[in-house]
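Colleague: Have a look at this prediction, sequence included:
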Amino acid sequence: MSRIGKLPISIPDTVKVEVEAHTVTVKGPKGTLSMAVHPAMDVRVQDRQVLCGRPSDTKFHKALHGLTRSLIANMVEGVTKGFERKLELVGVGYRAAVQGQNLSMTLGFSHPIIYPVPPGIRVEVKDPEPYKGKGVKYADERIRRKAGKTGAK
């Protein structure tokens, strides 16, 4: 069995999962998601858990088994917690501000970049930590820094 595919997916009390003719629909407080499942995969709801199965141990079915389970687990998480991505603007002069429904960013160009925020998306801006390099990066991303020049003798 696939290590990922055999794990059951727990369904929270606020979420409803329906499986009909190779289509999985997940309804929750943050919306509804649906996905077409490959006809070879066996997806069923049993005792407030979603279980995925496969017909054989071929390489294709093993890969599809883990993929199907991961996609359904992400759908359940998406309708309960939502998706969040944190960016950090690090450096002198790198700033961001929310102005109405627009995100205004100063990123070292001669003009600010104004990005309209789509409906349903929430943007927050916090104070940066200055003097630690500069640029835009993900909050959980590690940047490998190179050693500087050591001066020739």
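Modeller: Here it is on my side, so go on.

Colleague: Report the helix or strand with the lowest average pLDDT across this structure.
Modeller: strand 135-138 (a mean of 75; mean pLDDT, DSSP states H and E).

Colleague: buried stuff in it?
Modeller: By 16 or more other CB atoms under 10 Å, strand 135-138 has no buried positions at all. All C-beta atoms are positioned from the backbone trio N, CA, C, and that covers glycine.

Colleague: for it, packing partners?
Modeller: strand 87-90 (3 or more CB pairs under 8 Å, 6 or more residues apart in numbering; DSSP states H and E).

Colleague: if we can go back for a sec, list the neighbouring strands of the least confident helix or strand of the chain plus their orientation.
Modeller: For strand 135-138, the paired strands and their directions (DSSP bridges) are strand 87-90 (antiparallel).

Colleague: Just checking the distance from the strand it pairs with to the centre of its chain.
Modeller: In this view, strand 87-90 has its centroid 18 Å away from the chain centroid, taken as CA atoms, centre = their mean, to the nearest Å.

Colleague: for it, what is the average pLDDT?
Modeller: Strand 87-90 carries an average pLDDT of 80.
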